[in-house]
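A.B. asks: Here is my input; please provide its structure:
(2 chains)
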Amino acid sequence: MTPRQVFPPLTVRTDGLVCGRGGMALTQELTVSVTSGQCLLLRGPNGSGKTTLLLTLAGVIAPLAGSFALEGADREERWLHYCGHRNAIKPRLSVIENLDFWRAVNGGTGEPTAAALAEVGLAALGSLDAGYLSAGQTRRLALARLLVSYRPLWLLDEPTAALDVEGHELVTRLIDRHLDMGGAAIAATHDPITLPDPGRMETLVLGARA
Amino acid sequence: MTAFRAMLVRELRLALRGGGDMLTLVLFFVIVGAIVPFAVGPDRELLARIAPGMVWIAAFLAMLLGLDRLFRPDHEDGSLILLRQADLSLSAVVAAKLIVHWAVSALPLIVASPFLAMLLAMDLDTFWRTLVSLALGTPALAAFGAVGAAVTVSIRRGGLIAPILIAPLSIPVLIFGTGSITASQSSAALLFLAALSLMAVALAPFAAALAISSGED
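C.D. replies: Below is the predicted model of the structure:
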């Protein structure tokens, strides 16, 4: 099995955070906290601001109001993985070349490339041009990127999109193991994700108008 | 350092496996030069006089062609967001892209320039000076191009705006570029050209990284 690296305890805390795009607020004032070993599920109808919240936490979009902070992590270190709709997988590079590249630029602190590929079920396709992968296989390769470098916080946007039933179990397993290692995860999803220990999950429903 | 090397290798692989991109650039460069004799008439003296300017115009236009490839594919497939989160700083990412961009869009032009020199009836002495001025001046064009591409990356069809943005910046490069071939004090012009390139290449990665990270997705 993989070495159990334990992340330092950390807490992501939002304080009256309002996210929006183009000046239009999409969420209410959010005051939530996620600590090590916890997974926050974001739910809500289309357009309720799930992706926007994740992008805000990733630092890509500026919040409209309020603030968020990460407590307990080294400020200098890159501390999050963002896994968005777009998989950032390059055709014309092989599966291994894609993953090796991300391992190198993100600091290869995690599992070796081959082990991560085996984990997501792409071990046999390593030398294939990534452009030939199916949508689900591309998604699996994008998930393998989370494994090759360890970072304490995962921001997952529809991690199960395009995945089959076995793929859903894979996502659940990966999140569970990440929490075991002391990581935290925030996942926007329409599919039910059920961790073995329900006590680790919290659900935040966005777009519920009072 | 391994991260920087990985970035270089990835960019090179993507550029070289891209198929005919590089050939297109070179053909465009040669064609721009080749149509000049038809347009201005077969006057050898006139051609020889305007040849240095024509080579530089052809190089400038050809280098604009490759600009859209610099950041747009990474923006569209989501790689750019992830690169903002990478351990490697964004300015180092841009620097790696800039180096490869020069290697695949300027170096082939320099290699193809003897062909153009022949079409434009250059003498051997002028040709050598053209080669040196292209080698010294194209890094500045690549660097200004990278800044233009970074500023316009989040704009749809921004690929058409970038050339307009960087044209004014490129004027000094063209002036000193042709000056270093034709002017009587060509060595002074060469030094200016080298200074322009050094400055542009040193500052462009930071400017482009700033433009990318302040642009909303």
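A.B. asks: Any stretches of chain B with poor pLDDT?
C.D. replies: B:158, B:216-217 (pLDDT under 70).
A.B. asks: residue closest to the middle of it?
C.D. replies: A centroid search over chain B (CA atoms, centre = their mean) returns B:Ala142, at 3.6 Å, as the residue closest to the centre.
A.B. asks: So which bits of chain A are right by chain B?
C.D. replies: By CB under 8 Å from any CB of the partner chain, the residues of chain A that approach chain B are A:55, A:58-62, A:78, A:80-82, A:84-90, A:92-93, A:97, A:100-102, A:104-107, A:145, A:149. (Glycine included, C-beta is placed from N, CA and C.)
A.B. asks: The same query, at a cut-off of 7 Å, please.
C.D. replies: Selection of chain A residues close to chain B by CB under 7 Å from any CB of the partner chain yields A:55, A:58, A:60-61, A:78, A:80, A:82, A:84, A:86-88, A:90, A:92-93, A:97, A:101, A:104-107.
A.B. asks: Now intersect the residues you listed with the strands, please.
C.D. replies: A:Leu80, A:Tyr82 (DSSP state E).
A.B. asks: coming back round to it: for the residue nearest to the centre of chain B, give its distance to chain A.
C.D. replies: Distance check for B:Ala142 against chain A: by CB to the nearest CB, to the nearest Å, it reads 22 Å.
A.B. asks: cool, and B:Asp125?
C.D. replies: From B:Asp125 to chain A the distance is 43 Å (CB to the nearest CB).
A.B. asks: if I read this right, A:Arg103 contacts A:Ser149, doesn't it?
C.D. replies: Yes - contact status for A:Arg103 versus A:Ser149: in contact at 6.2 Å, counting by CB atoms under 7 Å.
A.B. asks: Those two: which has the busier surroundings?
C.D. replies: Neighbour count, other CB atoms under 10 Å in any protein chain shown: between A:Arg103 and A:Ser149, A:Arg103 has more, with 24 against 21.
A.B. asks: Once you drop chain neighbours, what's closest to that one?
C.D. replies: A:Val148 (4.1 Å; CB to CB, 6 or more residues apart in numbering or on different chains).
A.B. asks: Tell me how many other residues crowd that neighbour.
C.D. replies: Residues near A:Val148, counting by other CB under 10 Å: 23.
A.B. asks: hang on, isn't it packed against A:Glu111?
C.D. replies: Yes - using CB under 7 Å, A:Val148 is in contact with A:Glu111, at 5.9 Å.
A.B. asks: Mind giving me the packing neighbours of the helix or strand harbouring B:Leu190?
C.D. replies: Assigned by DSSP states H and E, B:Leu190 falls within helix B:186-214. Packing partners of helix B:186-214 (3 or more CB pairs under 7 Å, 6 or more residues apart in numbering or on different chains; DSSP states H and E): helix B:90-105, helix B:124-151, helix B:161-182.
A.B. asks: Pull the distance from the first one to the chain's centre.
C.D. replies: Average the C-alpha atoms of helix B:90-105, do the same for its chain, and the two points are 11 Å apart (CA atoms, centre = their mean, to the nearest Å).
A.B. asks: The longest one now?
C.D. replies: Its chain's C-alpha centre lies 6 Å from the corresponding centre of helix B:124-151 when counted by CA atoms, centre = their mean.
A.B. asks: Over to stretch A:137-148?
C.D. replies: 10 Å.
A.B. asks: pLDDT score assigned to the residue lying closest to A:Tyr132 once chain neighbours are set aside?
C.D. replies: Excluding its sequence neighbours, the residue lying closest to A:Tyr132 (CB to CB, 6+ apart) is A:Pro91, at 7.9 Å. pLDDT for A:Pro91: 91.
A.B. asks: So what does A:Pro91 have for phi and psi?
C.D. replies: phi -70, psi 160 (degrees, to the nearest 10).
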